[in-house]
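Peer 1: Pasting the sequence and the predicted coordinates here, then a few questions.
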Amino acid sequence: MKRYILFAISGLLMASCMDTEVLPVDKVIEEDFWKNSTEVKSMVNGAYKSMTSEAVIERMIVWGELRGDNVVPSEGLGTTKSGINEIHSLSIDDKNAYAVWASFYDVINRCNLVLDHAEAVMSIDPSYTEGDYRIDRSQMLALRSLCYFYLVRAFRDVPYIATANQYSSQEFEIAQSAPNTVLENCIRDLEEAATVAYKASGFNGWRSCGLITRDAIYSILADVYLWRASLNKSAADYQKCVDYCNLVINTKQEYELSRRGGALISYMLNDYPLYTYNNVYNQVFRQGNSAESIFELQLDGNVAVNTAVRNLYYQYKEGVAPGFLSGAKFIGTNNDGKKATDISGMFVSKNDIRYAETVFDQENDNNDSYSIYKMAHPRVAEYAKFDQNWIVYRVSDVMLMKAEALVQLAPEGAALASDDNLKEAFKMVETVYNRSLKDQGDVLNAADAEYNDRNKMETLVLCERQRELCFEGKRWFDLMRYAYRHMNGVDPNTILAKTGVGENEVRTNEQGFPAIPTEMIDLLKRKYTDNSGVLTYQLTTEPKLYFPIGYDEMKVNSNLFQTPGYKSSNEYEKNY
């Protein structure tokens, strides 16, 4: 039976913009709080609790899935969630409901409060030891970095804030930082955090993947390095990604073998801790906190209801199905017998168990979209107690990150038959793909001409990540990395509004920025049953890969510059 985090201060802090009052008066922080270990722990728990909020998980889905090709607005959505329709039609402006970053900065501010004040508690409460402090610091550094990583991928140029906004009177108009600056800060903090983090094996039950462990930190680091490598076309960063993926995979292998007395267990495939096809859905999604999991946000259906997944994927109103989002038509299309790189559909074998466990009613050609099965099958508790955990990282994700990095480390024009990096990348993909097959007659074949060189392997990895991680908030970010690898002239050291202009100038339009590759546009077109041409004139250059800075954020922070190509939706003009 799963156990869940029950947070003592779930209502203590309020979500807000960056310049918001976090505690009611200055005296509370200075005189009446931060006096003992219990208060520190309540603040640490509060940071985790805020990650499970509807606003945070909803944005993980919308930022990571809706902008990609996996999901479309459900039929009959109307104006119930207008922000979803606006994103789908690419008519995004600064008033869009999802062009708002406040919920992530709320988590960051909670982390900063602990980082600013916890150390002093050691001199007040002897029970709060150096070891306790270092572990709490590790978790807050990692959680803060994870939030910034989401913000960089959604908005690109964001304010980096490393101290808490404690008082309502405090000025907090912070300028944006370029992606490389934010990512470097994240890497520094994550590498410090990893030095003292708990191993997953040090916890029992849900804590092994419900709290940030060393494996979770290594996974975030691998993801950050993979992102930065794609921005900068850096072989060194791709290698760092591979190194951190290896640390996660090796730890998982060693742990699973050691606790089974050294014998390969039923869900170890090719020495990787992966369940067999008939156990994956039940263990990973139904029960949660599985042997494959690395980090999950914990939802119990009582104290913490997963309202975001319920409303977006399951039912947006009790007794009404589906949720606000549905699977795109090509996901349920019968593509049986085609190659694993064929983009006319997602699944290329009916023997792939994921074909049945991703959407309902597959192969019904009358459908323009499909209700989502994954994470939304009605096996969950009643509507009001929807308890599906949100998985941030799991083993197959890390394996496929490693495969992606290995492909990029292979020389241009390299052949699978002769390049060691490509061979190892193929093994990663092959293992994840083959474990999902009910009939091993459809296994991947390294001798197949469809996968025999570097470019084809890049496509294979991209397709396999879509099959394996569909609806898990990964797809748009995968496509962005793919786009960046095929774009020239990207400058991650400068914010977009200041790229290519003088010190006192601002870029307001998107002309002159690197063009988005047609290969990415072709992938995105698959989800549009009509009017796919909107992509060619709306999704044009680098700035349009990102959300605009929200209206309210621009209004309260005069140091922010709007992303070029987006204009004010209202009467005021500031930094446009």
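Peer 2: Happy to help now that I have it. Numbers count the residues shown, from 1 in each chain.
Peer 1: Every contact and neighbour count from this point should use C-alpha atoms.
Peer 2: Will do.
Peer 1: how's the chain carved up into domains?
Peer 2: 216-298+324-371+389-485, 497-556 (automatic domain parsing).
Peer 1: For S53, find the nearest of those.
Peer 2: Among the domains of the chain, the nearest to S53 by C-alpha to C-alpha is domain 216-298+324-371+389-485 (9.8 Å).
Peer 1: Strands of the stretch 51-200 of the chain, residue ranges please.
Peer 2: All strands of the stretch 51-200 of the chain, identified by DSSP state E, counting those that start in this stretch, fall at 71-73, 158-159, 176-177.
Peer 1: What average pLDDT does the helix or strand containing R465 get?
Peer 2: In this assignment (DSSP states H and E), R465 forms part of helix 454-469. Average pLDDT, helix 454-469: 98.
Peer 1: that older thread, with distance to Y238, mean neighbour count and mean pLDDT as extra columns, can I get the strands of the stretch 51-200 of the chain in JSON lines?
Peer 2: Shown next, in JSON lines, are the strands of the stretch 51-200 of the chain (distance: least, C-alpha to C-alpha, whole Å; neighbours: other C-alpha atoms under 10 Å; pLDDT from 0 to 100):
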{"stretch": "strand 71-73", "distance to Y238": "29", "mean neighbour count": "26", "mean pLDDT": "95"}
{"stretch": "strand 158-159", "distance to Y238": "24", "mean neighbour count": "22", "mean pLDDT": "98"}
{"stretch": "strand 176-177", "distance to Y238": "23", "mean neighbour count": "20", "mean pLDDT": "98"}
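Peer 1: would CSV of these with distance to L143 be doable?
Peer 2: Formatted as CSV, the strands of the stretch 51-200 of the chain follow (distance: least, C-alpha to C-alpha, whole Å):
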stretch, distance to L143
strand 71-73, 27
strand 158-159, 17
strand 176-177, 19
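Peer 1: Can you tell me which of these is nearest to D491?
Peer 2: strand 176-177 (12.6 Å).
Peer 1: Any buried residues in the helix holding R465, and which?
Peer 2: Neighbour-count burial for helix 454-469, with 16 or more other C-alpha atoms under 10 Å as criterion, is recorded at 454-469.
Peer 1: so which of the strands of the stretch 51-200 of the chain comes closest to T431?
Peer 2: Proximity to T431 (C-alpha to C-alpha) singles out strand 71-73 among those, at 26.3 Å.
Peer 1: So in that sheet, which strands flank the closest one, and in what orientation?
Peer 2: Strand 71-73 has the following sheet partners, assigned by DSSP bridges: strand 325-328 (antiparallel).
Peer 1: How far does the partner strand sit from its chain's centre?
Peer 2: From the chain centre to the centre of strand 325-328 is a distance of 18 Å (C-alpha atoms, centre = their mean, to the nearest Å).
Peer 1: ok, then the element right after it?
Peer 2: helix 353-356.
Peer 1: With only the CA atoms kept, save that next one in PDB.
Peer 2: Coordinates of each C-alpha in helix 353-356 appear next as PDB, following Å, rounded to 0.1, in the frame of the first residue of the first chain:
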ATOM      1  CA  ILE A 353       1.500  -3.100 -25.300                       C
ATOM      2  CA  ARG A 354       1.800   0.700 -25.200                       C
ATOM      3  CA  TYR A 355      -0.500   0.800 -28.200                       C
ATOM      4  CA  ALA A 356      -3.300  -0.400 -25.900                       C
END
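Peer 1: same for the helix or strand immediately after that helix in the chain, what does it pack against?
Peer 2: Later in the chain than helix 353-356, the nearest helix or strand by DSSP H and E is strand 369-370. Judged by 3 or more C-alpha pairs under 8 Å, 6 or more residues apart in numbering; DSSP states H and E, strand 369-370 is in contact with strand 325-328.
Peer 1: pLDDT (mean, whole number) over the strand it packs on?
Peer 2: Averaged across strand 325-328, the pLDDT comes to 95.
Peer 1: cool, and stretch 224-237?
Peer 2: So the average pLDDT for stretch 224-237 ends up being 98.
Peer 1: ditto for stretch 340-355
Peer 2: The average pLDDT for stretch 340-355 rounds to 91.
Peer 1: Could you list the residues in contact with stretch 522-536?
Peer 2: By C-alpha atoms under 8 Å, 6 or more residues apart in numbering, the list of residues contacting stretch 522-536 from outside reads 68-72, 89-90, 328-330, 343-344, 368, 521.
Peer 1: Please state the offset of that stretch from the chain centre?
Peer 2: The answer for stretch 522-536 is 24 Å, by C-alpha atoms, centre = their mean.
Peer 1: isn't L221 right next to R188, touching?
Peer 2: No. Using C-alpha atoms under 8 Å, L221 is not in contact with R188; the gap is 9.8 Å.
Peer 1: So those two - more neighbours on which side?
Peer 2: Between L221 and R188, counting by other C-alpha atoms under 10 Å, L221 is the more crowded of the two (28 against 13).
Peer 1: so after whichever strand or helix holds the more buried one, what's the next helix or strand?
Peer 2: Here L221, judged by DSSP H and E, is contained in helix 214-232. Per DSSP H and E, the first helix or strand lying C-terminal to helix 214-232 is helix 235-258.
Peer 1: Y218 - how many residues pack around it?
Peer 2: Counted with other C-alpha under 10 Å, Y218 comes out at 25.
Peer 1: Now do the contacts for it.
Peer 2: A194, Y244, C245, L247, V248.
Peer 1: What is the nearest of those to F426?
Peer 2: C245 (15.3 Å).
Peer 1: in terms of contact, does the closest one touch M401 like I think?
Peer 2: Yes. Judged on C-alpha under 8 Å, C245 makes contact with M401 at a distance of 7.4 Å.
Peer 1: of the strands of the stretch 51-200 of the chain, which approaches G441 most closely?
Peer 2: Of all the strands of the stretch 51-200 of the chain, strand 71-73 comes closest under C-alpha to C-alpha, at 30.2 Å.
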